[in-house]
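Peer 1: sequence plus the predicted model coming up.
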Protein chains: 2
Amino acid sequence: MATTIRDVAEAAGVSAMAVSKVLHGTGSTVRVSAQTAANIRRVAADLRYQPNRLARSFRQQKTNTIGLVFSHFGRIGEADGYFAALLNGAMTATFQSEYSLTICPKLAMSSTNGQLNDGRFDGLLWCKPDYTRESAESIGLSKMPIVMMHAPAGEGPEVPRFCCDNEQGLRLAVTHLVELGHRKITFLSDHFNHTTAEGRVRTAAFMSAMAEHGLTCREDELLYWSQECDEMAEFVSAPDRPTAMIMFSELHAVYALRKAEQLGISVPGDLSVIGYDSTAFCETTRPRLTAISQPIEQMAYDATTKLIAYIEAEKTESHFFIYPCGLDIRESTGHPIHRESK
Amino acid sequence: MATTIRDVAEAAGVSAMAVSKVLHGTGSTVRVSAQTAANIRRVAADLRYQPNRLARSFRQQKTNTIGLVFSHFGRIGEADGYFAALLNGAMTATFQSEYSLTICPKLAMSSTNGQLNDGRFDGLLWCKPDYTRESAESIGLSKMPIVMMHAPAGEGPEVPRFCCDNEQGLRLAVTHLVELGHRKITFLSDHFNHTTAEGRVRTAAFMSAMAEHGLTCREDELLYWSQECDEMAEFVSAPDRPTAMIMFSELHAVYALRKAEQLGISVPGDLSVIGYDSTAFCETTRPRLTAISQPIEQMAYDATTKLIAYIEAEKTESHFFIYPCGLDIRESTGHPIHRESK
DNA sequence: TTGAAAGCGCTACCAA
DNA sequence: TTGGTAGCGCTTTCAA
């Protein structure tokens, strides 16, 4: 079939070992003269020899490939910058180190007997863990390095995590709204994200930030939208509806902005909206989106770099890396004027 | 180290073949009794046996993995929906068929002796080919199925291509602008995209659409921006500047909208802007972006599905799949009022 | 400085 | 209905 290392060896009149040594620098005890090496290289080029990476990986038990796992979304958002930022960070780190990146939305589900390590990956970058019993068990059992993003402290297996300071982020957002005069504020997520570890943490962080200002938001006043937020109309028509909403992500915020416009609700006049992530995307919305910021690309880059370090060092440590949040105030938040004057 | 198929076979008192047959259904001539099968399954679960996919792939010369190649961008845009749509289409198709997707921004560059097939992939989804001599040669030589997206007819190797009808798209855009009263129109790309096959085709299509209306745009009046379009200020201050711009992508359009706002140029009052792709993202810009539409996700889905079909059929055909473009008129285009009245 | 042998984990093929 | 043998392409280890 294809030219193998043995074909090259034969044609060059040397052993396969010599070829391997020359072309891949492998085999520490093997030594080849400069002349032989040059000859081998020439023959390889003549025969259009292409090393079989699969065979190498198999032999070395090392694929130089990282799996990108995100259990919860088989689709990525088309109207926000989150996934792009994540991927940019992960790609930069992997490609720098000559690794490849394979997308596995549901590795845990497809694994056998709860084992993640099927030989394809040297390590996993696991995003938005949901810590179902299966996935937590699998992660605990795995011998392969795993690093997590958006995995807050306090639950889940002991692996390195990269997470933003959700408490700080929500405190900034709530304080901003309170200073603008808002009293009735709610937090919005969706049924999907709410089952992730970070979903729970953000909700709790919102509640306690509210409490710090002597405000409350009952459990049943939190909002969980389905994908296209059809509940918006119902929500805004309620007599005692909130004057401000903090959203789980940019995507949620965008849906809200769009729906608000359709319904004739002005933002920020009738309703203030705060998003989460604050990518370049927030500059393009109408109005520009005020958002809690986290350095997603940097986090993904750091997480991936760390993962590769663990792989190469053949040992993992269980650190928790926390990134500060900011609040980028743009145009979607303001005083609750209209409501007061009515 | 890890439990192998032989460990399971030994523990169950059967041959490795029997285990392979039961757990993977492989080996057509092998038959195992229901009782033996049940026993094998139990033992495998007890031993927490995890099949080594790398070994299977190596043996079968089949990885069930598709490489996603995009030679030109090591980064993806964070402020448009293009890549997300592409990825959603590709992911849906691959995951449906139990394939994986590996991101390879520069497979062609890293290949040895111009050979793409290093054993890792069963096929390639190649986006935005640039047809450098090396890549064209590699593609021609490759025995592995390759399918291209955004590869217009007329140049490049004979592989199946999935492309939108650029001529139609640009005709729709130019006609729309002309009907609004515009006469001085330009097309904007960047140095990056202009080197891709589709970049050249869109420029040519723009020129001929202009010609159909008796309008011209000289080569030197076309715009090629660098990433952040810093030339914008210079461009808009020119006395005879265009009243409308058609952009290579949404991303370009967004940069233009943002820059225009900074410079106090009103859109569409002072300047009409048309983007390309028309993802959900266009609904979120300010003003909403008028854009030529192409069904990216569908195209990516179809291309990937076709690729998998070729892989499984072990033969490729060289079809050209063309998708109609539309024009989604939103708010970024209008009569060139301000200019006329000045 | 070079070569030979063995084997990574799995499955195709042939024999019983 | 089951098992044995061989080998995918490469590299590790040991011998020359």
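Peer 2: All right, it came through fine. Residues are numbered from 1 along each chain as shown, chains lettered A, B, ... in the order given.
Peer 1: alpha carbons of stretch A:91-103, as CSV, please.
Peer 2: Provided in CSV are the C-alpha atoms of stretch A:91-103 (Å, rounded to 0.1, in the frame of the first residue of the first chain):
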residue,chain,number,x,y,z
MET,A,91,-6.0,26.1,19.8
THR,A,92,-3.2,28.5,20.4
ALA,A,93,-1.8,26.4,23.3
THR,A,94,-2.2,23.0,21.5
PHE,A,95,-0.7,24.1,18.2
GLN,A,96,2.2,25.8,19.8
SER,A,97,3.1,22.5,21.4
GLU,A,98,2.4,20.4,18.3
TYR,A,99,-0.6,18.8,19.7
SER,A,100,-3.9,18.3,18.0
LEU,A,101,-7.4,19.1,19.4
THR,A,102,-10.3,16.7,19.0
ILE,A,103,-13.8,17.7,19.7
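Peer 1: what parts of the stretch 1-150 of chain A come near DNA strand C?
Peer 2: Listed as neighbours of DNA strand C in the stretch 1-150 of chain A under the rule CB under 7 Å from any atom of the strand: A:13-18, A:29-33, A:36, A:58-59, A:61. Placement of C-beta: from N, CA and C, glycine included.
Peer 1: residues from the stretch 151-300 of chain A in reach of chain B?
Peer 2: The stretch 151-300 of chain A comes close to chain B at residues A:254, A:257-258, A:279-281, A:283-288, as judged by CB under 8 Å from any CB of the partner chain.
Peer 1: what about these, which are in helices?
Peer 2: Of those, the ones assigned to helices by DSSP state H are A:254, A:257-258.
Peer 1: before we move on, the earlier item: could you say which of the residues of the stretch 151-300 of chain A next to chain B is surrounded by the most neighbours?
Peer 2: Using other CB atoms under 10 Å in any protein chain shown as the neighbour test, those are led by residue A:281, with 31 neighbours.
Peer 1: pretty sure that one contacts residue B:78?
Peer 2: Yes. Contact status for residue A:281 versus residue B:78: in contact at 6.4 Å, counting by CB atoms under 8 Å.
Peer 1: now the residues of the stretch 151-300 of chain A next to chain B as CSV including pLDDT?
Peer 2: Formatted as CSV, those follow (pLDDT from 0 to 100):
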residue, pLDDT
A:254, 87
A:257, 88
A:258, 84
A:279, 89
A:280, 85
A:281, 84
A:283, 86
A:284, 83
A:285, 86
A:286, 84
A:287, 90
A:288, 91
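Peer 1: farthest pair within these?
Peer 2: A:258 and A:280 (18.8 Å; CB to CB).
Peer 1: show the average pLDDT along stretch A:7-27.
Peer 2: Regarding stretch A:7-27, the rounded mean pLDDT is 87.
Peer 1: for that stretch, list every residue counted as buried.
Peer 2: Across stretch A:7-27, burial judged by 16 or more other CB atoms under 10 Å in any protein chain shown covers A:7-9, A:11-12, A:14, A:18-23.
Peer 1: now distance to residue A:185 too, for those residues, in CSV please.
Peer 2: CSV is the format used below for those (distance: CB to CB, whole Å):
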residue, distance to residue A:185
A:7, 71
A:8, 69
A:9, 72
A:11, 75
A:12, 74
A:14, 75
A:18, 72
A:19, 68
A:20, 65
A:21, 67
A:22, 67
A:23, 63
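Peer 1: and DNA strand D, which of these contact it?
Peer 2: Among the buried residues of stretch A:7-27, DNA strand D is touched by residue A:20 when using CB under 7 Å from any atom of the strand.
Peer 1: redo the buried residues of stretch A:7-27 as a markdown table? Include secondary structure and distance to residue A:179.
Peer 2: Putting these into a markdown table (DSSP: H, G, I helix; E, B strand; the rest coil; distance: CB to CB, whole Å) gives the following:
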| residue | secondary structure | distance to residue A:179 |
| --- | --- | --- |
| A:7 | helix | 74 |
| A:8 | helix | 72 |
| A:9 | helix | 75 |
| A:11 | helix | 77 |
| A:12 | helix | 76 |
| A:14 | coil | 77 |
| A:18 | helix | 73 |
| A:19 | helix | 70 |
| A:20 | helix | 67 |
| A:21 | helix | 68 |
| A:22 | helix | 68 |
| A:23 | helix | 65 |
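Peer 1: joint contacts of residue A:281 and residue B:78?
Peer 2: residue A:81 (CB atoms under 8 Å, 6 or more residues apart in numbering or on different chains).
Peer 1: the stretch 101-250 of chain A: helices as residue ranges?
Peer 2: A:107-110, A:133-141, A:166-180, A:197-212, A:232-237, A:250-263 (DSSP state H, counting those that start in this stretch).
Peer 1: out of the ones you listed, which comes closest to residue B:243?
Peer 2: Checked against CB to CB, the stretch from those lying closest is helix A:250-263, at 27.5 Å.
Peer 1: buried ones in the closest one?
Peer 2: Result for helix A:250-263 [16+ other CB under 10 Å]: buried residues A:250-260.
Peer 1: out of those residues, flag the one nearest to DNA strand C.
Peer 2: residue A:251 (40.4 Å; CB to the nearest atom of the strand).
Peer 1: and the closest one, how far is that from residue B:75?
Peer 2: 21 Å (CB to CB, to the nearest Å).
Peer 1: now residue A:163
Peer 2: 24 Å.
Peer 1: check residue A:120 too.
Peer 2: Counting by CB to CB - residue A:120 and residue B:75 are separated by 25 Å.
Peer 1: using PDB, list the CA coordinates for stretch A:145-157.
Peer 2: Presented in PDB, the C-alpha positions along stretch A:145-157 are these (Å, rounded to 0.1, in the frame of the first residue of the first chain):
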ATOM      1  CA  PRO A 145      -4.500  14.000  32.900                       C
ATOM      2  CA  ILE A 146      -7.700  16.000  33.000                       C
ATOM      3  CA  VAL A 147      -8.100  19.800  33.400                       C
ATOM      4  CA  MET A 148     -11.400  21.500  33.900                       C
ATOM      5  CA  MET A 149     -12.800  24.800  32.900                       C
ATOM      6  CA  HIS A 150     -15.700  26.500  34.500                       C
ATOM      7  CA  ALA A 151     -15.600  24.100  37.400                       C
ATOM      8  CA  PRO A 152     -16.000  25.900  40.700                       C
ATOM      9  CA  ALA A 153     -14.500  24.700  43.900                       C
ATOM     10  CA  GLY A 154     -16.600  22.700  46.300                       C
ATOM     11  CA  GLU A 155     -17.700  19.700  44.300                       C
ATOM     12  CA  GLY A 156     -16.500  17.200  41.800                       C
ATOM     13  CA  PRO A 157     -13.300  15.200  41.500                       C
END
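Peer 1: right, I'll call it a day here.
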